[in-house]
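Colleague: Give me the fold of what follows.
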Amino acid sequence: MIDNRNTILAVILSGIVLIGWQYFYNIPQMEKQRAAQQVQQAQQKAAKTDAPATSTSTPPAAGTAPGQQTPAQQANVEPVRDRAAVIADSARIKIDTPSVIGSIALKGARIDDVALVKYRETVDPKSPAIVMFSPSGSREPYYAEFGFVPAAGSTLKMPDQTTVWKQEGSNSLTASTPVTLTWNNGEGLTFKRTISIDDKYLFTIKDDVSNVGNAAATLYPFGLISRHGTPQVSGYYILHEGLVGVLGDKGLQEYSYKKMDEDKSVTFKVTNGWLGITDKYWAAALLPDPSAPIQARYSSNLVNKVNTYQTDYLLDPLTVSIGGTASTSVHLFAGAKENAVITGYDKQLKLNRFELLIDWGWFYFITKPMFWLIDHLYHLVGNFGVAILLVTVLVKAVFFPLANKSYASMAKMKAVQPQLAALKEKYPDDRVKQQQEMMEIYKKEKINPIAGCLPIAIQIPVFFSLYKVLFVTIEMRHAPFFGWIHDLSAPDPTNLFNLFGLLTFDPTHVPIIGHYLVLGLWPIIMGITMWFQMKLNPTPPDPTQKMIFDWMPLIFTFMLASFPAGLVIYWAWNNLLSVIQQGAIMQRNGVKIELFDNLKSTFAGKKAS
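Modeller: Residues are numbered from 1 along each chain as shown. You can find the predicted model right below:
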């Protein structure tokens, strides 16, 4: 029957979407988590062997064509040590703000020790703070560096990664007290660097260069972010992790670590750009003056068998006349990708779509409003899970006229089933005639044959946008619901296959089938609500159709088991609302509600068997 075919078509369409997500995103999740554990264990083991590390970064070279790769400086090979030990053994300026703690190394004036105190590694508030930057000599160096390069052919001495700066004034960088560093090159140039930070994640680096020498000096300001070693990434196509920037008229430029290893170096000569390196929830970005022309570069180099990724820029030259002073300033973002903070910096600094540091995806026009709505409801009710339930109700209300029309059309189709059945008896061997007469009945009764697809089709973009919001926004990270759900962005932690924790073994470690042995309580609730929704419709007379309807809730239950708990809660709640809505519309149109008869026949059939 047409209505059953339409429903099956819509269910299959949804199933294809979910199967695709399951195949590309969720099944690999377990493997990547295990791989990450293995990598971590290997790194811990390797750390004990004093493997060599490098402190090399590659400043852009002045006087070369835009995009020309410069040779790496000679690497300073040193043994890999514990991060805390490396920090303790070097002269540093303390960073202490409500959002960021860490330090700045006097050697090289690198910002290479940043931890985000508001965020923890696990839901346990006593777990370690998220480490953003780490210095050279530790296991995974990651830092920002700023400075100058001379004009091509010049021998003028410039501060570099080995320069030890002199600290003046305050010995601690806070949101209210900047720090000042100075260095004299012995050739008439004095470099003065003032570093400040706000109460969030924005550093401001201002350089003043004075010249008391006997000749004018030409300097090219640069900034770079360097990351040593290929970091562990989520590996989902729905999320970009790697090098990122919005570079003038080139627009958004995203390069994964893998693609960067293939391309080695890409350059852009633009105005109004920013660039950096992003993780799922954290990012570091160079924010030069939007009005300044820059030579921007993404690069990947193999240094001492370690992949080193870098984003950098080179500004137009500064000329410091004899007895004169020249200045340049740049901002550095290093922190959590909080939407309100990112948007605030975008407007405050008049940046070029800095909002795209958060990966809203191609359908940002759906995803961003969905996040905005959930976030505003959260501030009203104080719980993101409740906010998701309220969003579901609002979405239902918005689409109610369309859904009402669709369910009403479905109800009318159920009412004409006897006429359709009579057509099959009247023209058993003439399918063309059956279709012609069927269309006449639909036209007479003003029935839309494809209306049954709409209620399910409507859910797909909403489902996708909510999935994206739950997956990429840091606001959802470690957001609790009620009971055992402590993180809406993570799968339901319970599992039927170890009796919800009564057994101590982990079913996901079972060879071959372990990926599928994940079934929490909320996915089971979702499956039950979907089963009730299926039973609301008449039992299809065709055995194949009936089998699809019978098995679909179970298939969806297992597919959604490894999705974020917030998404499963949404789907279960949406199913329940759909059952209520469809039942009310069917009753209003005088169509018999098949739910209880179908349930009775299902269990009666099983009992008879």
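
Colleague: Low-confidence bits of the chain, can you list those?
Modeller: Along the chain, segments meeting pLDDT under 70 span 1-56, 61-78, 235-236, 407, 410-411, 448-459, 537-546, 589-609.

Colleague: which residue of it sits farthest from its center?
Modeller: Relative to the mean C-alpha coordinate of the chain, counting by C-alpha atoms, centre = their mean, the farthest residue is K426 (58.0 Å).

Colleague: pretty sure H240 is in contact with Q253, am I right?
Modeller: No. Using C-beta atoms under 8 Å, H240 is not in contact with Q253; the gap is 10.6 Å. For glycine as for every other residue, the C-beta is placed from the backbone atoms N, C-alpha and C.

Colleague: Let me see the contact set for the closest residue in space to S321 that isn't next to it in sequence.
Modeller: Excluding its sequence neighbours, the residue lying closest to S321 (C-beta to C-beta, 6 or more residues apart in numbering) is A216, at 5.0 Å. Counting by C-beta atoms under 8 Å, 6 or more residues apart in numbering, A216 makes contact with 319-322.

Colleague: Max pairwise distance over those residues: which two?
Modeller: Using C-beta to C-beta, these span at most 10.7 Å, a distance reached by T319 and I322.

Colleague: would you list every one of the helices in the stretch 1-150 of the chain?
Modeller: 2-21, 27-47, 83-88 (DSSP state H, counting those that start in this stretch).

Colleague: An error on my part: the question was meant for the stretch 151-300 of the chain.
Modeller: Under DSSP H, counting those that start in this stretch, the stretch 151-300 of the chain gives helices at 257-263.

Colleague: any idea how far the helix ranked longest in the chain is from the chain center?
Modeller: In the chain, assigned by DSSP state H, the helix with the most residues is helix 565-588. Between the centre of helix 565-588 and the centre of its host chain there is 29 Å, according to C-alpha atoms, centre = their mean, to the nearest Å.

Colleague: and if you look at stretch 237-246?
Modeller: Centre-to-centre, stretch 237-246 and its host chain are 9 Å apart (C-alpha atoms, centre = their mean).

Colleague: Just the C-alphas of that stretch, formatted as CSV.
Modeller: Taking Å, rounded to 0.1, in the frame of the first residue of the first chain, the C-alpha atoms of stretch 237-246 are listed here in CSV:
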residue,chain,number,x,y,z
TYR,A,237,34.3,13.7,8.9
ILE,A,238,31.8,15.9,10.7
LEU,A,239,34.6,17.8,12.5
HIS,A,240,37.7,19.5,11.3
GLU,A,241,40.9,19.2,13.4
GLY,A,242,44.1,20.7,12.1
LEU,A,243,45.3,23.9,10.6
VAL,A,244,42.5,26.5,10.1
GLY,A,245,42.1,30.1,9.1
VAL,A,246,40.0,32.6,7.3
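
Colleague: Now I294: closest residue in space, sequence neighbours ignored.
Modeller: In space, and not counting its chain neighbours, I294 is closest to Y313: 4.4 Å by C-beta to C-beta, 6+ apart.

Colleague: Which strand residues bridge that neighbour?
Modeller: Per DSSP bridges, the residues bridged to Y313 are G223, A296.

Colleague: Can you report phi and psi for A561?
Modeller: Phi and psi for A561, reported as degrees, to the nearest 10, are phi -60, psi -30.

Colleague: so it makes contact with D492?
Modeller: Yes. Under the criterion of C-beta under 8 Å, A561 makes contact with D492 at 7.3 Å.

Colleague: so what sits against both of those two?
Modeller: Counting by C-beta under 8 Å, 6+ apart, the contacts common to A561 and D492 are 520, 523, 568.

Colleague: wait, the second one sits on D492?
Modeller: This points to P523. Yes. Counting by C-beta under 8 Å, P523 touches D492, with 6.1 Å between them.

Colleague: Need the residues touching each of the two.
Modeller: 561, 568.

Colleague: So the two - more neighbours on which side?
Modeller: P523 (28 against 25; other C-beta atoms under 10 Å).

Colleague: can you map out the strands along the stretch 101-250 of the chain?
Modeller: Here the stretch 101-250 of the chain has its strands, by DSSP state E, counting those that start in this stretch, at 111-120, 129-133, 142-150, 166-168, 172-173, 179-184, 189-197, 202-211, 217-228, 242-247.

Colleague: Compare those and give me the one nearest P288.
Modeller: strand 217-228 (6.9 Å).

Colleague: next one: that closest one to chain centre, how far?
Modeller: Distance of strand 217-228 from its chain centroid, counting by C-alpha atoms, centre = their mean, is 28 Å.

Colleague: what number of residues lie near the residue nearest to G527 when sequence neighbours are not counted?
Modeller: Spatial nearest neighbour of G527, chain neighbours left out: T557 (3.2 Å); criterion: C-beta to C-beta, 6+ apart. Applying other C-beta under 10 Å, we find 20 other residues in the vicinity of T557.

Colleague: would T557 count as being in a helix?
Modeller: Yes. The assignment for T557 is a helix, going by DSSP: H, G, I helix; E, B strand; the rest coil.

Colleague: what sits against it?
Modeller: Contacts of T557 (C-beta under 8 Å, 6+ apart): 519, 523-524, 526-527, 530.

Colleague: again, but for K258
Modeller: K258 touches nothing, counting by C-beta under 8 Å, 6+ apart.

Colleague: if I look at it, how far off is A334?
Modeller: Between K258 and A334 the computed distance is 24 Å (C-beta to C-beta, to the nearest Å).

Colleague: try M530
Modeller: Distance from M530 to A334, by C-beta to C-beta: 44 Å.

Colleague: Over to K250?
Modeller: Counting by C-beta to C-beta, the gap from K250 to A334 is 24 Å.

Colleague: Same question for R297.
Modeller: Taking C-beta to C-beta as the measure, R297 falls 19 Å from A334.

Colleague: Equivalent analysis for P125, please.
Modeller: 22 Å.

Colleague: quick one: which of those two has more around it?
Modeller: Remark: of P125 and A334, A334 carries more neighbours, 24 against 7, as counted by other C-beta under 10 Å.

Colleague: Pretty sure that one sits against F203.
Modeller: Yes. With contact defined as C-beta under 8 Å, A334 and F203 form a contacting pair (6.6 Å).

Colleague: Can you check which residues contact both of these two?
Modeller: Common contacts of A334 and F203, defined by C-beta under 8 Å, 6+ apart, comprise 111, 144.

Colleague: Compute the first-to-last residue distance for stretch 213-232.
Modeller: End-to-end distance for stretch 213-232, by C-alpha to C-alpha, to the nearest Å: 49 Å.

Colleague: what residues are up against the most centrally placed residue in the chain?
Modeller: Geometric centre of the chain, nearest residue: V472, 3.0 Å, by C-alpha atoms, centre = their mean. Neighbour list for V472: 238-239, 280, 358-361 [criterion: C-beta under 8 Å, 6+ apart].

Colleague: at 10 Å what do you get?
Modeller: V472 makes contact with 234, 236, 238-240, 280-281, 337, 358-361, 367, 371, 489 under the criterion C-beta atoms under 10 Å, 6 or more residues apart in numbering.

Colleague: Which members of those are classed as buried?
Modeller: Burial by neighbour count, 16 or more other C-beta atoms under 10 Å: within those this picks out 234, 236, 239-240, 280-281, 337, 358-361, 367, 371, 489.

Colleague: just these now: which is nearest W165?
Modeller: Using C-beta to C-beta, those come closest to W165 at K337, 30.4 Å.

Colleague: Surely the closest one is in contact with I474?
Modeller: Yes. Counting by C-beta atoms under 10 Å, K337 touches I474, with 5.5 Å between them.
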